[in-house]
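# I'll drop the sequence and a predicted model, then ask my questions.
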Amino acid sequence: MSRFDRIAVLGAGAWGTALAYTAHRAGREVQVLAREPDVAASLSEGQGNPAYLPGVTLPAMQASTQAEDITGADAILAVVPAQFARTSFRAVGGAVAPGTPVLLCAKGIEQATLSLMTDILAEEIPGAVPAVLSGPSFAADVARGLPTAVTLACTDGVLGHDLMAAIGRDVFRPYWSEDLVGAEIGGAVKNVLAIACGMVDGLQLGKSAHAALLTRGFAEMTRLGVAMGGKAETLAGLCGLGDLVLTCSSAQSRNMSFGKALGEGRPADEVLAERRAVTEGAATAPALVQLAQRQGVDMPICTAVAEILARQITVAEAMEQLLSRPFKGET
């Protein structure tokens with residue numbers, strides 16, 4: 001028997017649904033808390049989640065829109081977008097017993113406060129025990145049972161390994177790390193860099209430019225992570241470099257496909273309005289740049305993305321600025 005037999009999942013988007021199914025397949029009793037009644041009903045009736053995971057067959061899983069239904073959960077997977085995390089945590093705080101592990105599975109930085117997800121959790125549910133799940137993982141791949149490896153960060157090694165045992169399977173392999181900050185920074189920054197890589201593709205600048213931008217973006221990610229107390233080796237692992245490579249290499253990534261549309265000349269507002277799912281990098285970019293400035297960290301690629309989204313410069317102007325930067329050493 002697992003230490004965590006009853007698992008609640010906050011959020012029923014593509015990633016929340018995929019993780020709920022993963023925990024279900026691992027033998028756990030799962031309760032999904034959805035925001036939209038139609039999504040909750042579809043999951044409960046065994047009709048899958050056509051709104052966010054079309055074409056993926058899923059068994060019936062317990063799902064509702066009532067916060068009290070997660071009362072008594074042994075562990076919680078929080079899979080709500082970063083900009084909605086605070087209100088979501090506040091809404092369910094009364095149903096979360098002190099000492100309950102909350103595995104933070106969404107990636108981003110709160111715009112209003114520049115807070116990481118662990119900071120928001122500590123403020124809104126102070127009795128919860130934080131952990132972070134991050135890594136190269138498309139929701140549809142995970143839901144279909146395709147092999148995936150991720151980082152599970154938790155300062156308590158025993159708790160971390162118990163959580164790994166609760167949700168891990170042969171095809172879903174968590175690797176433990178004690179570096180919460182590194183895992184969070186990797187997950188947040190890669191979404192912004194994926195927008196930039198998408199722009200390179202939209203402008204048809206070639207694979208060499210794509211690889212150069214990805215690599216220099218990884219340097220930006222590492223600088224910020226280390227400045228905030230994370231470890232460079234964490235960012236060189238699944239939750240940093242691994243996630244960056246995946247997100248910047250496939251149109252299946254919402255962030256990269258968004259950037260590609262911008263590179264092709266489409267307005268950001270128009271592209272975002274067509275989407276039901278959140279494109280997290282678009283919301284994270286301005287907060288990320290402010291956080292980097294606070295830390296005294298130079299992040300020219302991420303800054304360019306934020307300026308494009310704020311309509312301060314065009315995509316073409318941003319690329320010209322990046323290409324005209326002074327030559328310097330690589331490290």
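Cool, got the structure. The shown structure was predicted, so the numbers you read here are calculated from the model rather than taken from an experiment. Residues are numbered from 1 along each chain as shown.

# Give me the phi and psi for L33.
According to degrees, to the nearest 10, the main-chain angles of L33 amount to phi -110, psi 110.

# and it, what does it touch?
Under the criterion of CB atoms under 8 Å, 6 or more residues apart in numbering, the contact list for L33 reads 8-12, 63-67, 69-70, 92. For every residue, glycine as well, the C-beta is placed using N, CA and C.

# any idea where the helices of the stretch 1-150 of the chain begin and end?
Shown for the stretch 1-150 of the chain, the helices assigned by DSSP state H, counting those that start in this stretch span residues 14-25, 37-44, 82-92, 117-124, 139-143.

# Please name whichever of these is nearest to A304.
Proximity of these to A304 was assessed by CB to CB; the nearest stretch is helix 82-92, lying at 21.1 Å.

# Can you name every helix or strand that that closest one contacts?
Judged by 3 or more CB pairs under 8 Å, 6 or more residues apart in numbering; DSSP states H and E, helix 82-92 is in contact with strand 75-78, helix 117-124, helix 280-295.

# now these in TSV, with distance to A251?
Output for the helices and strands packed on helix 82-92, formatted as TSV (distance: least, CB to CB, whole Å):
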stretch	distance to A251
strand 75-78	27
helix 117-124	27
helix 280-295	14
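
# Of those, which stretch is the most buried?
strand 75-78 (a mean of 28; mean count of other CB atoms under 10 Å).

# pLDDT averaged over that strand - what is it?
Here the mean pLDDT over strand 75-78 is 98, rounded to a whole number.

# That one pairs with which strands, parallel or anti?
Strand 75-78 has the following strand partners under DSSP bridges: strand 6-10 (parallel), strand 101-104 (parallel).

# chain center to it, what's the gap?
Here the centre of mass of C-alpha atoms in strand 75-78, compared against the chain's by CA atoms, centre = their mean, to the nearest Å, lies 14 Å away.

# do stretch 145-155 as well
13 Å.

# give me the number of residues near the nearest residue to T247 once chain neighbours are set aside?
Nearest non-adjacent residue to T247, counting by CB to CB, 6 or more residues apart in numbering: A194, 4.2 Å away. A194 is flanked by 31 other residues according to other CB atoms under 10 Å.

# Whichever helix or strand A194 is part of relative to helix 280-295, how many degrees between them?
In this assignment (DSSP states H and E), A194 forms part of helix 180-202. Taking axes from the mean of the first three to the mean of the last three CA atoms, to 10 degrees, helix 180-202 and helix 280-295 form an angle of 120 degrees between their directions.

# Could you list the buried residues of helix 180-202?
For helix 180-202, the buried set under the neighbour-count rule, 16 or more other CB atoms under 10 Å, comprises 180-202.

# re the thing from before, okay, the helices of the stretch 1-150 of the chain, which one's buried deepest?
Each of these was scored by mean neighbour count; the highest is helix 14-25, a mean of 26, by mean count of other CB under 10 Å.

# Next, the contact list for the residue nearest to P37 when sequence neighbours are not counted, please.
In space, P37 comes closest to T65 once its chain neighbours are excluded; the distance is 5.6 Å by CB to CB, 6+ apart. If a contact means CB under 8 Å, 6+ apart, then T65 has L33, A34, R35, E36, P37, A40 as its contacts.

# repeat that with 7 Å
By CB atoms under 7 Å, 6 or more residues apart in numbering, the contact set of T65 is A34, R35, P37, A40.

# what does A95 give?
With CB under 7 Å, 6+ apart, A95 has these contacts: A67, E68, I70, T71.

# ok, now how distant is the last one from T148?
Separation of T71 from T148 (CB to CB, to the nearest Å): 30 Å.
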